[in-house]
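Asker: Okay, here's the prediction I keep looking at, along with the sequence it came from:
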Amino acid sequence: MNILEKIVADKRKEVDLKKSLITLPQLEASVMMERTSVSLAEVLRNSNSGIIAEHKRRSPSKSVINQSLNVQDVAKGYADAGVCGMSVLTDGKYFGGSLDDLVLARASTNIPILRKEFIIDEYQIVEAKAYGADVILLIAAILTREEIKTLSELAKDLGLDVLLEVHNEEELKKSLMPSLDMLGVNNRNLKSFEVDLEISKSLSKKIPDDFVKVSESGISSVEAIRDLKEFDYQGFLIGENFMKTDEPGKSAKKFIDKIIA
Ligand SMILES: O=P(O)(O)OC[C@@H](O)[C@@H](O)c1c[nH]c2ccccc12
């Protein structure tokens with residue numbers, strides 16, 4: 001079993017267990033539909049920086065990144081820095097995140113928030129909405145085309161934006177459909193953890209123009225962003241580069257100031 005298969009197997013158990021405690025209809029009853037979400041895709045289209053900043057304590061590839069911050073400060077710092085959106089990891093076992101992190105980030109800022117999770121079940125999408133997310137991530141490597149369709153359509157019904165993540169051409173071809181808003185190219189191979197920004201560059205021209213293009217992972221310099229902008233990317237998902245510092249918000253601010261200078 002590779003690491004991605006292991007994460008998904010654990011996630012299946014986790015979701016089944018949750019469903020036995022709080023049923024899907026019960027969870028649906030706690031969704032506040034009246035909260036109007038801010039569209040991350042729209043914000044990215046109109047931004048000069050395109051930064052989506054992530055809250056990530058640790059990861060399977062990097063073990064500890066930063067365990068001493070609190071998510072409210074990070075969220076406020078990112079918002080003050082002028083990021084387009086925030087990504088919050090909610091996986092506990094491999095990334096040290098939680099739904100609590102999502103709620104606290106939501107309570108701390110109004111910027112669009114992405115629930116960063118290994119979504120394999122509609123339950124997790126209702127959960128994302130109930131806990132205040134505006135955007136969900138779907139990972140093509142762990143879903144069939146049918147699943148991507150069902151899950152993304154449910155997200156759209158709930159007023160959520162959808163970011164679909166791919167890592168190669170095959171995943172991209174399998175996934176294109178109108179219920180997606182943003183196409184993310186993960187520069188990190190989730191099975192081997194290898195990072196290569198060339199992945200974003202080579203896949204760019206194969207992504208139709210109606211989707212906002214987002215380059216994800218391994219971005220640590222403003223030069224890399226300038227380079228990726230030449231390949232039509234409008235969004236840049238950055239975690240570790242900000243989170244490894246004592247004040248991720250300040251790091252993001254410096255970064256954004258340089259991009260728009
Ligand atoms: O910390 P980085 O290298 O800047 O990467 C952020 C983000 O792209 C990465 O955390 C990520 C992208 N896709 C994922 C899917 C699951 C978990 C994590 C991820």
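Answerer: Ah, there it is. Residues are numbered from 1 along each chain as shown.

Asker: Could you use CA atoms for every contact and neighbour count after this?
Answerer: Noted.

Asker: show me the contacts for the spatially most central residue of the chain.
Answerer: Geometric centre of the chain, nearest residue: residue 116, 4.3 Å, by CA atoms, centre = their mean. Going by CA atoms under 8 Å, 6 or more residues apart in numbering, residue 116 touches 87, 88, 89, 90, 91, 136, 137.

Asker: Dump these to TSV, plus secondary structure.
Answerer: Shown next, in TSV, are those (DSSP: H, G, I helix; E, B strand; the rest coil):
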residue	secondary structure
87	strand
88	strand
89	strand
90	coil
91	coil
136	strand
137	strand
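
Asker: So which of the residues you listed is the closest to residue 2?
Answerer: residue 91 (17.5 Å; CA to CA).

Asker: Could you point out the longest helix of this protein?
Answerer: In the chain, ranked by residue count with DSSP state H as the criterion, the top helix is helix 3-21.

Asker: helices or strands up against that one?
Answerer: helix 122-130 (3 or more CA pairs under 8 Å, 6 or more residues apart in numbering; DSSP states H and E).

Asker: what does the helix it packs on contact?
Answerer: Counting by CA under 8 Å, 6+ apart, 15, 19, 24, 27-28, 30-32, 115, 119, 134, 136, 151, 154-155, 158, 160 sit against helix 122-130.

Asker: tilt between it and helix 3-21?
Answerer: Angle of helix 122-130 versus helix 3-21, following axes from the mean of the first three to the mean of the last three CA atoms, to 10 degrees, is 80 degrees.

Asker: just how off-centre is helix 122-130 within its chain?
Answerer: 14 Å (CA atoms, centre = their mean, to the nearest Å).

Asker: same check, this time on stretch 110-126
Answerer: With CA atoms, centre = their mean as the basis, stretch 110-126 stands 8 Å off its chain's centre.

Asker: Put the alpha carbons of that stretch into CSV.
Answerer: In CSV, the C-alpha atoms belonging to stretch 110-126 read as follows (Å, rounded to 0.1, in the frame of the first residue of the first chain):
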residue,chain,number,x,y,z
ASN,A,110,-14.2,36.5,6.3
ILE,A,111,-11.8,35.5,3.5
PRO,A,112,-12.7,32.4,1.5
ILE,A,113,-11.7,29.2,3.3
LEU,A,114,-10.8,25.9,1.7
ARG,A,115,-11.3,22.7,3.6
LYS,A,116,-8.2,20.7,2.8
GLU,A,117,-9.2,17.1,3.2
PHE,A,118,-9.1,13.7,1.5
ILE,A,119,-12.8,13.8,0.5
ILE,A,120,-14.2,10.4,-0.5
ASP,A,121,-17.8,10.8,0.7
GLU,A,122,-20.6,13.3,0.5
TYR,A,123,-20.7,13.4,4.3
GLN,A,124,-17.4,15.3,4.3
ILE,A,125,-18.8,17.9,2.0
VAL,A,126,-21.9,18.6,4.2
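
Asker: Buried residues in it, which are they?
Answerer: By neighbour count on 16 or more other CA atoms under 10 Å, the buried set for stretch 110-126 is 111-126.

Asker: How about stretch 242-259?
Answerer: Taking 16+ other CA under 10 Å as the criterion, stretch 242-259 shows 242, 243, 244, 248, 249, 250, 251, 252, 253, 255, 256, 259 as buried.

Asker: is it true that the fourth one touches residue 74?
Answerer: Just to be clear, that refers to residue 248. Yes: with contact defined as CA atoms under 8 Å, residue 248 reaches residue 74; the gap is 6.3 Å.

Asker: Now do residue 36, the pLDDT please.
Answerer: We have a pLDDT of 73 for residue 36.

Asker: Perfect, that will be all.
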